[in-house]
Each structure stands twice: as C-alpha cells, then as structure tokens.
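Asks: What would the 3D arrangement of this be:
(2 chains)
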Amino acid sequence: MLLIWCAVLILACLELSTRVGTAPICSYGQAGCHTPSLADIFDRVIQQSSRMHGISSDLHSEFEQYFFPSKNLIGKPKCHTHGIVTPADKENAQRLGREQLTEVILRLLGAWGDPLLQLYRSMSQDQNQDFNHYSSNKALEISDMVHELRDGVAKMAEKMKLSGVLGNTVGYISPEGLVPSSSFSFYKHGELNSMDHHDLLYCFRRDSNKIKNYLQILKCTTLPGLDC
Amino acid sequence: MKKVLEVILLLLLLVVTHAKGTRYSPPGKPALTRCRSPEKETFTCWWEPGSDGGLPTTYALYYRKESSDTVFECPDYRTAGENSCFFNKNDTSIWVNYNITVVATNALGRTFSDPVDIDVVYIVKPNPPEQVAVTVMEDKGWPFIRVSWEPPHKADTRSGWITLIYEIRVKLEEENDWEMHLAGQQKMFNIFSLRSGGKYLVQVRCKPDHGYWSEWSPSSYVKVPDYFHREKSVWILITVFCAFIFLILTWLLHMNSRSLKHFLLPPVPGPKIKGFDKQLLKNGKSEEVFSALVATDFPPKSSNYEDLLVEYLEVYIPEEQELMLEKSMDLDVGCLKCEGSASDSDSGRGSCDSHTLLMHKCDGVKEEEERQAKEAHGPGYWECGLSNKQPHLLHPQAQAQRQLQARSDDNISSIGRKQTPAGLHSPARRSTEYVEVERVNEEDMVLLQPVSGRCGDVEGYPEMPYGEDYSKVKGVDMDNMLLLQREVREETENCDTSSTVTTTQKPAACIHSAMPVEGEMVLGVNGYVDTATVCTPPTY
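Replies: Below you'll find the model as predicted:
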C-alpha cells in the first residue's frame, strides 16, 4: 500500500512538472507576452456570446415544454433590464456609434451576472422537480459565461481604445451602477418559483441575442472583412 | 285576412331561405398561419380565413406592441398578397414582442382569431443566395468544382446585422440522392471526387444563426470534362497485374497437376508381379509372359544344400547293420548331395522318396573301396537323404523299406555287390533303378531283383524282362503327343547323352528339350519312361 501511494505521488509530481505551460493573455501589456490581435478577440467574444445565447435558448424552450405545454397562456413578462435603452433596429444601432454600443453591451452583461447566479441557486435548491436538477448545470454554465464575456468585452474595449478605434468616452462601468441590486426584487421578494425562472430565462434569451448582435455590428463596423 | 297574409309571407320567406340553401352566420374564426421576416427589418404575417358565413367578410389585423397598450392596425394589406399584412421598416421593431390578432367581420358579426406573440428576431427566413456560380477547375490533372455565391441582396450581412450560414447540395443529373455540404459563413466551396464526364446540379441555401432555412437556389448545371485516359491507364495496370497473377496460378497448377490429380482421383493399384511384363501380355503371347514369370533364381541356389534339408529320417537299424550304415554314410552324404541336386527341378518325378525304394547308385561316391566295402554290407541306403518335400510319401515307404531291408539283406547285398561297378556316374547323373519282386521264398522273404538296365550300371541284368504289358513311349513330338513304341533294349550310352536337360518346371518342356538333343528314345528297362531319368540335373 505504501509503495502504491509513493508511486501515485511520484506520478502526480511528474504530471505537474511536465504540464504544458500556456501563454497567458497579457492584460497589463507585459513584455514578452503573446497578445492576441483585435480580430482574434472579436472572434472569441462573438463565439462566446453565440454559445451563451444558444444555451439560454435551449434552456428556455425546454422550460416551456416541460412546464407550459400550451404556449399562449403565458403572459410576456417585463424584464428588469428594460431600463437599459437598446436600439431596436438596424438604423438605430448604426446610428448609435461604437462607443455607445460598447457601453450598452457592457451594461447588459453587467445586469445579468447576479440574477443568473440567483437563478442557478434557486434551480439547484429546488429538488422537487427533475427539470431543475437536470437544467441547473446549464444555468451555472451561462452564469459563468456572462462573467467571462463581460471581462472579455472589457478587454476588447480597452484594446480598441488603445488602437484608437474607440473613443475614450466609454468609461469603466460598474455593474452595480447600471442596475440597482434590488433589481432582483423586481421579480419577487424572497425565493423564486417556476414562473420567475421562466421569466428570467425569457428575458435572458432576448438579451443574449441583443448582445450577440451588437457585438457583430461592432465587429463589422470596426473591422470590415471577409465575414461581414 | 291579414293573418292569412302574414302566414303566407312567412311561408314565402321560409321557402325562399330554404330554396337558397344557405345560412347566414357570423364569420368563422380566422387563424394566423405564419409570420416571416426576410432580412430582420420587415416582416409579413399571413392568415387563413374561416368560413365567411355566407356574407361578405372583411379581415383586419390588429397588433399590440410589448409594454404598450396601444392597438394598431396593419399598415399594409396588399404588398404581400391576399390575406396578409406587411410591416415595413418603420413599423418593425426587433426584440419587441408583438401581439397580433386577426378579426373577421361580416354583417352578422365579427370573430377574433387567437392572438399570436411573435418576436421578429426568431422568424427570420432569408431569401436564397444569389449569383450562384459553378466552375470546373483543375488540381494537378484532377478536376473539381468551385461553387461561389452571394448572400441575398436584402439581407444586410455587410454591416453585421445578419449573420448567415450556407449549405450546398450536389448531385448527378441522372441520380436522386443529393450530397450535402455545410459551408459555414464562407461564400465559396470546392467539391472533389467527381465522375469523369458527369453532369452535376448544384444548389445553395442559407440560414441566419437562429432562424429558418431559406429555399434552395435555382439549380446550376455543370459538366465535368472527361479525364478518361487517366482512369484507363489505371485499368490497364490492374488488368496486367491480374493477368500476371493468373499466369502464375496456372503455372503452379500445371506443375502440381499430377499430385492434384492423385489427390482427387487416386489411381487404382495395378498388379505387381515380379517379372510380369504388361507389354508381352498386351501382345498376346502368353507363353512368353509366363516363361518370364519363371523365376530363374528360385529356388535360391546355395552351395550348401544341406541347409535346405531340414530333417533326416532316422532309421533304426539292428546292430549288424550299423557298420554297414556307417560305411554307407558317405553314400548317404552322396545321396544327400544327389538329393540336393535333384531338388532344383520339381519335374514331376518322384522325389527322393521314390528313390529310396530303388536300388540306385548315387553319384557322390568316388571311392571304389567304399563300394567294395559295401558289397559286404549291402546297401543300406534304402533311404537317402530325405527332403521335406514329400514326407508323406516317405513314411509309409520307410516302413516298407525297413522290412525289405531286413528280409532281403542278402539278396540285396548280392545285388549291391553287383551293383558296384566301376562305372561311376557323373555326379550330375542320377540313375534310378527299380526293384522288382522276384519271388517270395519259403522263409517269407521277398526276393528282389533290381529292375535296371540303363545308365551304365546295368550289368549283368540280362533277365530283366520287358514288360510287354506296358507300352513304351517313344517320345513326345512337337504337338505334345506321346509316341509309343515297341520294346527296344536300351543302350546305356543313350543315357549319357541325356544329361543336358534344362531344369524346368514342367516335364513336357524337359522332354521337349531332351528330344532334339538325342533323337533317341529314353526308356526305362521295363519300358517305363521315367521322367526322373530324363530330367537329370545339369552336370557339375
């Protein structure tokens, strides 16, 4: 037994020592770092937002099928992000400009970080239904994605500022400043039920689509290329 | 009267309504079938009217935007055709929930359809891709198809407002199965592995990230040129290779054909007789065949004939005869030798046993002294060496011999004396002498007298009568017929000449060969033709 443990420890040490080192993205511009180009960042961000929207869309449709088979009985809720003014068509979006568009994106992303976490907690705690148990993983996933995406978009904005593409009017936006933390009470006091879950999912599906679309507009406006 | 008139009017009305066969009713419930947006900037909704209730019915579409209670009516009923409502850019808001209802109105009433909630972002179905160009290009001699297209002109992908992904399908003109390829966001695609000289159909379609697939673009035809010569060279190589392998297999089969044939059809074993010549048999000469079968080396010639003689018959002789026997042992030996020499040809004569009954002089004796000594003793050699050949004959004769010997000692001795002339036979010569019973004397003794008269031993036996009862054989002619003759006294010298006899299995052959040599009769004293005398062993 002792020998086995020794062997295991040795193997673990070897594994750690031979781990392939990754080249970190230098957020502070250190020397010798491999920094990705703006195009790469754009691609990554757009890819991430697309994935996020896909998962949230799946989750919403599953939720509707499971709980509310007949669709039209549901009243369409009012989302807590309604306060954020978002362009509703192409002309408005193009008229907005890069800086404001970036700001809108960041606001949206910031507004959803906390509610999604709450959603995940609520879903995982609710052990009565199998759906929650199965889907709480997805909720966790999109919650993480929102946080990552927000950081990514922030980095992208920084890079854009550096490269002169973006003006300096975009300041650092704190998530608390955008939406009051009591926004969550917008839905309900206390714990969330299934209806709240549904409303959250509905709202987030739409907002993630907005985010994705705004990012694509931003990219094609900033870097017109093959994909646009 | 009035009442009657009213009744008549009512009846008329009823009749009229019945005659027409229709019932007026409020319109049936219409239903919104679908709403589509081609570019995420405008959208159209279509509905299905219900029954009109027999009266002219009008349809109206009302919508309500999200977070607003204001009800608007459809701005454009015509652009999109019958039973449709077209929302232009000004009226279209993305990410806004529309609550749409269709109302059917006729003279008798109005009917509301079920409300439908739509968000334009999720009902996008673009137009098919445009400017599909298909060209045949070449890559190191192998052709391929390059398909290129443009997004539908209405969809604004340039600004990033819409992102489209594309799909291509290809098939040969005469086939039914399409080959699908997903092209992603690119606007160009290459198709390889084409059939030489084939005619292909190519179609493209597109879809936004989350929306509906467009219709397929119209078919584009393309013909692949023949690169027949390349395929032909490959076929030629394959053919040559197969032919080579086939030749090798054939050669192997031919080499092993015999063993294969033996394996499949094992041969019937033929006769295995030593000396048997199939060709002679086929030729039809049976005599030669059978003569070939005669084994010249059988029985095997061995210098020591004593090995062949397995058993000697021991004769009990009284003491007075022992000496005689001892002396005669040499003769026995000689006799043995005689016997041995005689055993080579089984020519039908009596074997040694018959000789034992005879008074004969064996050839092995070379010393006259012994012979003279024998005179006193008399021949006790009734039995010479006996062979195993005819033991059954020997035994009864042995008994008789002993008796004879016992009784006729004197006579025989006398005879024996006389029988010892100097005329020694050549060892090869075998002389046979018969003993004849002369008479039985008073003492119950059988008096014997030799029946000899040949081979030089015969001296002083003038009284040998010739059996006139017997017919003498003159000889055997060519047709294997016995030639009989009258009695003729035989001269001894005839015997001498009869030595050269070939040892054969059959007496006929023996006589046959003997005849031409001598040309004289070979007869016994009493007229018997004794083949034993004829077939004398070859001289040593």
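Asks: Okay, now the unreliable bits of chain A?
Replies: A:19-33, A:69-75, A:127-130, A:169-191 (pLDDT under 70).
Asks: who in it is up against chain B?
Replies: Counting by C-beta under 8 Å from any C-beta of the partner chain, the positions of chain A adjacent to chain B are A:50, A:53-54, A:57, A:72, A:76, A:78, A:82, A:86, A:88-91, A:93-94, A:206, A:209-210, A:212-213, A:216-221, A:224, A:226-228. For the C-beta atoms, the positions are set from N, CA and C on the backbone; glycine is no exception.
Asks: give me that answer again for 7 Å
Replies: Contact residues, chain A versus chain B (C-beta under 7 Å from any C-beta of the partner chain): A:50, A:57, A:72, A:76, A:78, A:88-90, A:94, A:206, A:209-210, A:216-217, A:219-220, A:227-228.
Asks: could you flag which of these are buried?
Replies: The neighbour count (16 or more other C-beta atoms under 10 Å in any protein chain shown) marks A:50, A:57, A:89-90, A:94, A:206, A:209-210, A:216-217, A:219-220, A:227-228 as buried among these.
Asks: hmm, which two among those residues are most spread apart?
Replies: A:57 and A:94 (25.4 Å; C-beta to C-beta).
Asks: just checking, next helix/strand downstream of the helix or strand harbouring residue B:5?
Replies: Using DSSP states H and E, residue B:5 falls within helix B:2-20. Following helix B:2-20 in sequence order, the next helix or strand is strand B:31-36 (DSSP H and E).
Asks: now the strands for the stretch 201-350 of chain B?
Replies: Applying DSSP state E, counting those that start in this stretch to the stretch 201-350 of chain B gives strands spanning B:220-223.
Asks: Kindly report the residues of it close to chain A.
Replies: So the stretch 201-350 of chain B meets chain A at B:209, B:210 (C-beta under 7 Å from any C-beta).
Asks: ok, now which ones touch the residue of chain A found nearest chain B?
Replies: Relative to chain B, the nearest point of chain A is residue A:220 (3.2 Å; C-beta to the nearest C-beta). Residue A:220 is in contact with A:228, B:158, B:159, B:160, counting by C-beta atoms under 7 Å, 6 or more residues apart in numbering or on different chains.
Asks: For stretch B:194-204, buried residues please.
Replies: B:194, B:198, B:200, B:201, B:202, B:203, B:204.
Asks: So which of those residues is the closest to residue A:40?
Replies: residue B:204 (29.1 Å).
Asks: separation between the residue most central in space within chain A and residue A:211?
Replies: In chain A, the centroid-proximal residue (C-alpha atoms, centre = their mean) is residue A:146; its distance is 2.1 Å. Per C-beta to C-beta, to the nearest Å, residue A:146 is found 9 Å from residue A:211.
Asks: Give me the common contacts of these two.
Replies: With C-beta under 7 Å, 6+ apart, residue A:146 and residue A:211 have common neighbours residue A:109.
Asks: Just the pLDDT at residue B:321, thanks.
Replies: Here the pLDDT value assigned to residue B:321 is 60.
Asks: Over to the one 5 residues further on?
Replies: According to the predicted model, the pLDDT of residue B:326 comes to 57.
Asks: again with residue B:2
Replies: Value for residue B:2, per-residue pLDDT: 85.
Asks: how close does it get to residue B:39?
Replies: Distance from residue B:2 to residue B:39, by C-beta to C-beta: 71 Å.
Asks: So for these two, which residue has more residues nearby?
Replies: When residue B:2 and residue B:39 are compared for neighbours, residue B:39 comes out ahead with 22 against 6, by other C-beta atoms under 10 Å in any protein chain shown.
Asks: Helix, strand, or coil at the more buried one?
Replies: Under the three-state scheme (DSSP: H, G, I helix; E, B strand; the rest coil), residue B:39 adopts coil.
Asks: my guess is it meets residue B:151, correct?
Replies: No. With contact defined as C-beta atoms under 7 Å, residue B:39 does not count as touching residue B:151 (10.1 Å).
Asks: residue ranges of the helices in chain B, please?
Replies: Using DSSP state H, the helices found in chain B span residues B:2-20, B:228-255, B:257-264, B:278-283, B:286-293, B:319-342, B:352-357, B:368-377, B:391-407, B:409-418, B:492-497, B:507-518, B:531-534.
Asks: ok, the residue in the stretch 151-300 of chain B that chain A sits nearest to - contacts?
Replies: Nearest residue of the stretch 151-300 of chain B to chain A: residue B:160, at 3.2 Å (C-beta to the nearest C-beta). Going by C-beta under 7 Å, 6+ apart, residue B:160 touches A:216, A:217, A:219, A:220, A:228.
Asks: Counting by contacts, list what the helix or strand encompassing residue A:123 packs against.
Replies: For residue A:123, the host element (DSSP H and E) is helix A:98-125. Helix A:98-125 is packed against helix A:130-162, helix A:175-178, helix A:194-222, with contacts defined by 3 or more C-beta pairs under 7 Å, 6 or more residues apart in numbering or on different chains; DSSP states H and E.
Asks: repeat that for 10 Å
Replies: helix A:38-67, helix A:90-96, helix A:130-162, helix A:175-178, helix A:194-222 (3 or more C-beta pairs under 10 Å, 6 or more residues apart in numbering or on different chains; DSSP states H and E).
Asks: quick check: angle from it to helix A:130-162?
Replies: In terms of direction (axes from the mean of the first three to the mean of the last three C-alpha atoms, to 10 degrees), helix A:98-125 departs from helix A:130-162 by 160 degrees.
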